[in-house]
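> here is a sequence with its predicted model. Questions after.
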Amino acid sequence: MPKKVMISDPTKILTLANIISLGRAILAVPIIFTLRDHLWVQ
């Protein structure tokens with residue numbers, strides 16, 4: 001029984017890390033485009 005708990009916890013942590021990383025990547029895309037637009041305008 002304890003082995004299942006040890007195996008299930010890291011998988012949950014990895015899934016949360018993946019969701020956070022995906023969210024950061026999605027939020028970073030518009031920032032990159034805005035920086036490029038400002039550079040082109042100047």
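Happy to help now that I have it.
> ok, which stretches of the protein are helices?
Under the criterion DSSP state H, the chain contains helices at 2-41.
> shaky segments in it?
Along the chain, segments meeting pLDDT under 70 span 1-10, 39-42.
> tally of neighbours for residue 29?
9 (other Cβ atoms under 10 Å). C-betas here are computed from N, CA, C, even on glycine.
> try residue 13
Counted with other Cβ under 10 Å, residues neighbouring residue 13 total 10.
> what residues are up against it?
Contacts for residue 13 (Cβ atoms under 8 Å, 6 or more residues apart in numbering) come out as none.
> for residue 33, same thing?
Residue 33 neighbours (Cβ under 8 Å, 6+ apart): none.
> could you measure it against residue 23, distance?
Plainly put, residue 33 is 17 Å away from residue 23 if you go by Cβ to Cβ, to the nearest Å.
> and for residue 17?
Counting by Cβ to Cβ, the separation of residue 17 from residue 23 is 11 Å.
> ok, residue 13 next?
16 Å.
> got it, and residue 15?
Taking Cβ to Cβ, one finds residue 15 at 13 Å from residue 23.
> for residue 12, same thing?
Distance from residue 12 to residue 23, by Cβ to Cβ: 17 Å.
> what of residue 31?
13 Å.
> neighbouring contacts of stretch 17-25?
By Cβ under 8 Å, 6+ apart, no residue outside stretch 17-25 reaches it.
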